[in-house]
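K.L.:
below are the sequence and a predicted model; questions follow.
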Amino acid sequence: MFQIIQEGKAKIKVSREKKISKKLLVFYNPVMKLNRDISVLLLNSLRKSKLQIGLPLSGTGIRGIRFLLELKRNKIKSISFNDNKKDFLKTMQDTITINNIKGKNNIFISNEDANLFLLNSSGFDYIDIDPFGTPNPFLDAAITRLARKGILAVTATDTSALSGTYENACRRKYWAKPVRNELKHEMGVRILIRKVQLVGAQYDKALTPIFTYSKDHYFRVFFKCEKGKKKVDKILRKHDFFNTAGPLWLGQLFDKRLVKKMLKDADEETKKFLSVIDEELDIVGFHDIHRICEEFKIQVPKYETLMGLIKKKGYKVSRTHFNPFGIKSDIEKENLVLIIKNI
Ligand SMILES: C[S@@+](CC[C@H](N)C(=O)[O-])C[C@H]1O[C@@H](n2cnc3c(N)ncnc32)[C@H](O)[C@@H]1O
């Protein structure tokens, strides 16, 4: 049985089944609404227009339909939906009809393997790799078909490998050692970034993260692409270990000017999430205050008080979206403990 639901400005026909499963004929995951909200915001905030958009793993197509209905005028030159699911052509046609989308001559729909779809295309300015699990199988084809100044969006839901539950799986899939401590999500996403960059390096494409986050059961990274050997060499120089984790990406996770633009147009819920990222320092790693207080058997202070005192001593400090108990700062652990002990 089906029902019509709305997300953003898009409507889709979904199964009434309560349980989200890969086996569903139409795979719609409401938890990923924020993932799609952020994609819309990001594309609207970039100074790019006439984009050729490629969606190799479209699912219900809701992301692309939202692009068609919610991106500013002139943003889209063409949009290509693909999924290898049975009946995809028909369900996608239905979805376009339900949404009353006109001017269909710049919309293409195909029902192939994602890699064939990418390799047979003439290339895209924006490619969104949104798989079940690891993006690995699709990286080569996506990066080869990404325009010189294109944007690549990558989701990974195999966070158990990247965050250290399955260390060997991380070594096999991402060629790096993860950690299982409080830094696991940040280290995991930095390991993912390096892997994508290594694939890019093979094609002389330098991929720099412009927006990165970890949420619920997934990691998400948007990369801007620049072509050139020197640019790639610069990226590779920022790969190293952080304590025992890695090799991983030690460079920027965000383009802060872009985050500010995104904040302006965000709805209340997304704003809450984005404002933490807006203030988050681009420092690798963070201090988990709960952990530290447990270790030294001291009382957990109020975060605002603690952050004020750290700042007063001349250090940089911010919260981090990676961990509600974490603070990013250039303060050494010994000095941080001293401050907490004296509160
Ligand atoms: C997580 S869902 C995509 C969700 C969608 N992007 C969204 O925003 O709602 C992954 C999709 O990839 C499709 N898929 C998996 N492997 C594929 C492959 N090799 N080629 C094409 N599609 C594939 C599945 O049928 C599924 O619809």
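P.N.:
Here it is on my side, so go on. It should be emphasised that the depicted structure is a prediction, and the values quoted were computed from it without experimental measurement.
K.L.:
only C-alpha atoms for contact and neighbour calcs from this point on.
P.N.:
Fine.
K.L.:
just the strands in the protein please.
P.N.:
2-7, 10-15, 51-55, 76-82, 107-110, 124-129, 146-156, 205-215, 218-227, 239-242, 245-249, 287-288, 317-320, 323-329 (DSSP state E).
K.L.:
could the ones you listed go into a markdown table alongside distance to the ligand, mean pLDDT and mean neighbour count?
P.N.:
Formatted as a markdown table, the strands of the chain follow (distance: least, CA to the nearest ligand atom, whole Å; pLDDT from 0 to 100; neighbours: other CA atoms under 10 Å):
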| stretch | distance to the ligand | mean pLDDT | mean neighbour count |
| --- | --- | --- | --- |
| strand 2-7 | 11 | 89 | 11 |
| strand 10-15 | 10 | 89 | 20 |
| strand 51-55 | 7 | 98 | 23 |
| strand 76-82 | 7 | 98 | 21 |
| strand 107-110 | 9 | 97 | 16 |
| strand 124-129 | 7 | 98 | 24 |
| strand 146-156 | 9 | 98 | 22 |
| strand 205-215 | 15 | 98 | 23 |
| strand 218-227 | 11 | 98 | 21 |
| strand 239-242 | 29 | 98 | 16 |
| strand 245-249 | 25 | 98 | 24 |
| strand 287-288 | 32 | 98 | 19 |
| strand 317-320 | 26 | 98 | 22 |
| strand 323-329 | 25 | 97 | 19 |
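K.L.:
distance between stretch 226-242 and the chain's centre?
P.N.:
Relative to its parent chain, stretch 226-242 has a centroid offset of 20 Å by CA atoms, centre = their mean, to the nearest Å.
K.L.:
straight-line length of that stretch, end to end?
P.N.:
Length of stretch 226-242, first residue to last, CA to CA, to the nearest Å: 26 Å.
K.L.:
residue 189 against residue 215, yeah?
P.N.:
No: in this structure residue 189 lies outside contact range of residue 215 using CA atoms under 8 Å: 10.8 Å.
K.L.:
and residue 129, how close does it get to residue 39?
P.N.:
According to CA to CA, residue 129 stands 12 Å off from residue 39.
K.L.:
pLDDT score assigned to residue 17?
P.N.:
As predicted, residue 17 sits at a pLDDT of 68.
K.L.:
check the one 3 residues further on too.
P.N.:
The model reports residue 20 with a pLDDT of 60.
K.L.:
what does this structure put close to the ligand?
P.N.:
Listed as neighbours of the ligand in the chain under the rule CA under 6 Å from any ligand atom: 27-28, 57-60, 62-63, 83-85, 112-114, 130-132.
K.L.:
in helices only, show me those.
P.N.:
62, 63, 114 (DSSP state H).
K.L.:
ok, the second one - contacts?
P.N.:
Translated: residue 63. Counting by CA atoms under 8 Å, 6 or more residues apart in numbering, residue 63 makes contact with residue 36.
K.L.:
and the gap between it and residue 6?
P.N.:
On the measure of CA to CA, residue 63 and residue 6 end up 12 Å apart.
K.L.:
domain boundaries for this protein, per the record?
P.N.:
Here the domain parsing of the chain from automatic domain parsing is 2-264+270-274, 281-341.
K.L.:
hey, which helix is longest across the protein?
P.N.:
The chain, longest helix under DSSP H: helix 184-202.
K.L.:
any idea which of the domains of the chain is most buried?
P.N.:
Highest mean neighbour count of these: domain 2-264+270-274, a mean of 19 (counted as mean count of other CA atoms under 10 Å).
K.L.:
now do the end-to-end distance for that one.
P.N.:
34 Å.
K.L.:
and it, how far from the chain's centre?
P.N.:
6 Å.
K.L.:
next one: stretch 251-270
P.N.:
13 Å.
K.L.:
outside of that stretch, which residues touch it?
P.N.:
34, 37-38, 41-42, 44-46, 208-212, 238, 271, 274-275, 277-278, 282.
K.L.:
repeat that for 6 Å
P.N.:
Outside stretch 251-270, the residues that touch it by CA atoms under 6 Å, 6 or more residues apart in numbering are 41, 45, 209, 210, 211, 212, 238, 271.
K.L.:
excluding its backbone neighbours, what's nearest the fifth one?
P.N.:
In this case it means residue 211. For residue 211, ignoring the flanking residues on the chain, the nearest one in space by CA to CA, 6 or more residues apart in numbering is residue 254 at 4.5 Å.
K.L.:
how near is residue 203 to residue 275?
P.N.:
35 Å.
K.L.:
spit out the contact partners of residue 11.
P.N.:
With CA under 6 Å, 6+ apart, residue 11 has these contacts: residue 5.
K.L.:
show me what it is bridged to.
P.N.:
As for beta bridges, residue 11 partners with residue 6 under DSSP bridges.
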